[in-house]
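[1] pasting a predicted model and its sequence here:
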Amino acid sequence: MAENTIAGPAPATTEPEPTRQTPTYQPRFDIVETDGELTLFGDLPGVQQGDLDIRYENEQLVVLATVRPRNEGLEVLRQEYGIGDFRRVFRIGESIDAEAINAEVHNGVLTIHLPKTEAAKPRRIEVKAV
């Protein structure tokens with residue numbers, strides 16, 4: 001991957017941000033780069049499709065998600081998984097085809113495909129014998 005292709009905050013922690021009434025968590029993401037695209041894989045346990053808001057603007061990818069409360073009405077003996085919002089922002093340094101960005105969520109894993117523009121893709125240079 002090209003250096004400084006994607007910049008973001010330090011690796012995520014599981015601690016909520018202390019300044020918000022509803023905790024906000026930074027989900028962890030794996031980032032894979034191929035010649036044609038950047039692919040992000042994020043862990044968002046409990047998030048459903050309708051609870052996601054993903055935006056790409058001014059070379060920034062913003063991922064927002066809400067986890068709805070669960071176990072309501074149940075006597076919980078121990079709860080280790082917090083309920084709150086997820087928020088993660090990435091600065092994308094590559095030329096991305098914003099119209100072709102797509103995402104899917106399956107079993108708590110969010111996959112975001114960021115196709116590169118043709119100008120950003122590597123191309124092979126033909127060498128001629130003289």
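    Received, thanks.
[2] my guess is F90 contacts Y56. True?
    No: counting by C-beta atoms under 8 Å, F90 sits too far from Y56 to count as a contact (9.4 Å). Heads up, the C-betas are built off the backbone N, CA and C, glycines and all.
[3] these two: which is more packed in?
    F90 (22 against 16; other C-beta atoms under 10 Å).
[4] tell me the mean pLDDT for the helix or strand containing the more buried one?
    Under the criterion of DSSP states H and E, F90 resides in strand 85-92. In this model, strand 85-92 carries a mean pLDDT of 93.
[5] any buried residues in it, and which?
    Within strand 85-92, the residues that count as buried by 16 or more other C-beta atoms under 10 Å are D85, F86, R87, R88, F90, I92.
[6] D30 should be in a helix, yeah?
    No: D30 sits outside any helix when classified using DSSP: H, G, I helix; E, B strand; the rest coil, being strand.
[7] how many neighbours does the closest residue to L114 other than its chain neighbours have?
    Excluding its sequence neighbours, the residue lying closest to L114 (C-beta to C-beta, 6 or more residues apart in numbering) is L38, at 4.3 Å. Neighbourhood size, L38 [other C-beta under 10 Å]: 22.
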